[in-house]
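In: Here's my sequence, what's the structure:
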Amino acid sequence: MEGEIEPVDCASASKPPRLEIPKVPDDSEKPIAIKRLKDVEICVPIVYGTMAFHLGRKASESQSHRWTVYVRGATNEDIGVVIKRVVFQLHPSFNNPTRVVESPPFELQECGWGEFEIAISLFFHSDVCDKPLDLYHHLKLYPEAESGPKSTKKPVVMESYNEIVFPEPAEGFFARVLNHPAVVVPRLPAGFVLPTPVPIDSVHGKGRGDTKNHPLSHWFMNFSEADELLKIASARQQVQAHIIKLRRELNMMNGLPPPPNPASGHDYA
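Out: This next block holds a predicted model:
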């Protein structure tokens with residue numbers, strides 16, 4: 001970066017309120033109506049941040065650090081099943097400051113010397129949401145306490161945790177991500193019958209997009225909230241499926257017809 005701007009304070013590793021995507025208006029009048037699931041929501045825990053290494057002897061006046069800005073799943077799972085592309089808006093002093101990353105891992109690497117705010121726009125798949133979500137992150141190059149020579153091996157890491165919530169998801173979106181490890185289904189209405197999940201491999205054909213084996217992964221922060229959310233959601237889904245199975249078996253023993261499938265009417269209130 002060639003110009004200097006005033007640094008902006010940015011909290012690290014804090015958990016701000018969830019980012020709830022507004023409910024979409026009624027689209028029943030569209031040529032192809034999208035079937036949506038009432039009283040259901042999908043949550044995607046994400047982490048966005050930067051990681052900066054000092055270049056040491058290779059540093060120059062205009063390039064003192066090599067840094068990476070990224071958006072990843074909070075538990076390093078592939079979020080490409082929800083996010084289609086990410087646009088990073090860098091400082092105007094960079095060549096081509098608007099950078100578009102079309103597939104996971106959603107990241108880019110640059111060199112510079114100054115700190116600035118990076119605008120991050122998340123674009124979702126067409127069955128998820130038709131509007132982007134804008135985030136902002138402060139690039140931090142220097143540690144809080146500067147004493148002695150700068151380390152070239154230990155990076156300065158600045159990450160933020162958030163949960164993106166999609167209320168009343170499209171039926172296809174729900175079925176596609178139902179058993180995906182990066183996605184949480186916090187609650188399901190009483191009597192809800194889980195639809196047949198879509199095989200994950202057929203959805204994301206570009207290869208593994210997780211960051212579990214990322215070269216920087218050992219520096220990533222650990223957000224225990226995401227792990228707990230995913231464990232709770234998985235347990236709830238298993239319990240719900242077991243209850244449905246028991247109801248069907250009980251009805252068969254009593255000579256009753258199987259319980260209706262609420263998914264056919266899309267009314268779970």
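
In: For the residue lying closest to Gln89 once chain neighbours are set aside, list each beta-bridge partner.
Out: Once flanking residues are discounted, Gln89 sits nearest to Ala119: 3.8 Å by C-beta to C-beta, 6 or more residues apart in numbering. For every residue, glycine as well, the C-beta is placed using N, CA and C. Taking DSSP bridges as the rule, Ala119 bridges to Gln89, Tyr136.

In: Relative to Lys84, how far out is Glu102?
Out: Distance, Glu102 to Lys84, by C-beta to C-beta, to the nearest Å: 8 Å.

In: Also Gly114?
Out: Separation of Gly114 from Lys84 (C-beta to C-beta): 31 Å.

In: same thing with Phe94?
Out: Noted for Phe94: a distance of 24 Å to Lys84, by C-beta to C-beta.

In: Glu102 and Lys84 - which one has more neighbours?
Out: Taking other C-beta atoms under 10 Å, Glu102 and Lys84 do not tie; Lys84 has more neighbours (17 against 12).

In: For the more buried one, give me its contacts.
Out: By C-beta atoms under 8 Å, 6 or more residues apart in numbering, Lys84 lies in contact with Glu102, Phe123, Phe124, His125.

In: That one looks like it's in a strand, true?
Out: Yes - Lys84: assigned to a strand according to DSSP: H, G, I helix; E, B strand; the rest coil.

In: so what's the residue nearest to Gln89 scoring on pLDDT?
Out: Ala119 is assigned 98 on the pLDDT scale.

In: what residues are up against it?
Out: Counting by C-beta under 8 Å, 6+ apart, Ala119 has contacts Phe88, Gln89, Asp134, Leu135, Tyr136.
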